[in-house]
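Chemist: output the structure for:
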Amino acid sequence: MISRSAVVLSVSGIAVTPASTQQAIGYPSLFLLVLIGALVPVVPTGALVSSAAVVAFHQESPVSLALLFGVASLAAFLGDVALYWLGKRGMGSKNGSRWLAAIRDRAPEDRLAQAQQKLEDHGVAVLVLSRLIPAGRIPVMLACLMAKMPLRTFARGNIPACLAWAVTYQVIGILGGSLFREPWEGVLAAVALTLLISVGPGLWRRVRRAVA
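Modeler: Numbers count the residues shown, from 1 in each chain. Here you go, the predicted model:
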């Protein structure tokens, strides 16, 4: 049972322990990892949230799920805002910045053009979709930077985006936890599903290009 033994999330690097120490270790660790993942867009933050949701589900505690939602959405929001601020500084600098370069490197021209068109058509509402579509966050963020969107406007639009993102990946984790009796089985299923969602579309586009 989860209440009698510690569950180690080796896939995400988080040690999630029973209720006595989870709040002291698990949630701060999750917060830092999601925050870093927002700043360095190579960390699978969705898989982290889904994995933690599996463990919270097996604890059968609504408080744990609520805490997870709050921690994940806040960390994602702060990371996005920090990255956008760094990007704005890079846009205003003659030499740019490594953060701006990282954003540009992860925003192919075709995806950037689509993001710019969607931003023009739908405004800040496109931020919500960008958080839910695999590899959609960075092109839209770069489009916002190129449109010289104020930080305050970006932050307001990013609030519902981060809330929707946290809910989506938490639900994936809850589904994984409900399908398996052992928490580690649910963690593996949740991680596999989130990685498939993240990597699948990109692989499919590469296959189509290779065949065409």
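Chemist: ok, now how distant is D121 from A115?
Modeler: 11 Å (C-beta to C-beta, to the nearest Å). Where C-beta positions appear, they are placed from N, C-alpha and C, glycine not excepted.
Chemist: neighbour count winner among those two?
Modeler: A115 (24 against 9; other C-beta atoms under 10 Å).
Chemist: any idea how far L132 is from that one?
Modeler: Distance from A115 to L132, by C-beta to C-beta: 14 Å.
Chemist: name the nearest residue to L100, sequence neighbours excluded.
Modeler: G90 (2.9 Å; C-beta to C-beta, 6 or more residues apart in numbering).
Chemist: next, count neighbours for the one you found.
Modeler: Residues near G90, counting by other C-beta under 10 Å: 19.
Chemist: right, and the helix or strand after the helix or strand that contains it?
Modeler: Using DSSP states H and E, G90 sits in helix 62-91. Scanning forward in sequence from helix 62-91 by DSSP H and E, the next helix or strand is helix 98-105.
Chemist: what's in contact with that following helix?
Modeler: Applying C-beta atoms under 8 Å, 6 or more residues apart in numbering, the external contacts of helix 98-105 come out as 39-41, 83, 86-87, 89-91, 138, 141-142, 145.
Chemist: can you rerun that using 6 Å?
Modeler: Helix 98-105 is contacted by residues L86, G87, G90, I138, L142 when judged by C-beta atoms under 6 Å, 6 or more residues apart in numbering.
Chemist: tell me the angle of that helix relative to helix 62-91?
Modeler: 100 degrees (axes from the mean of the first three to the mean of the last three C-alpha atoms, to 10 degrees).
Chemist: model confidence over helix 98-105, on average?
Modeler: Helix 98-105 shows a mean pLDDT of 71.
Chemist: show me which positions of the helix or strand following that helix end up buried.
Modeler: The first helix or strand that comes after helix 98-105 along the chain, using DSSP H and E, is helix 109-122. Buried residues in helix 109-122, counting neighbours by 16 or more other C-beta atoms under 10 Å, are found at R111, L112, A115, Q116, K118, L119.
Chemist: could you say what helices and strands helix 109-122 packs with?
Modeler: Secondary-structure packing of helix 109-122 (3 or more C-beta pairs under 6 Å, 6 or more residues apart in numbering; DSSP states H and E): helix 137-146.
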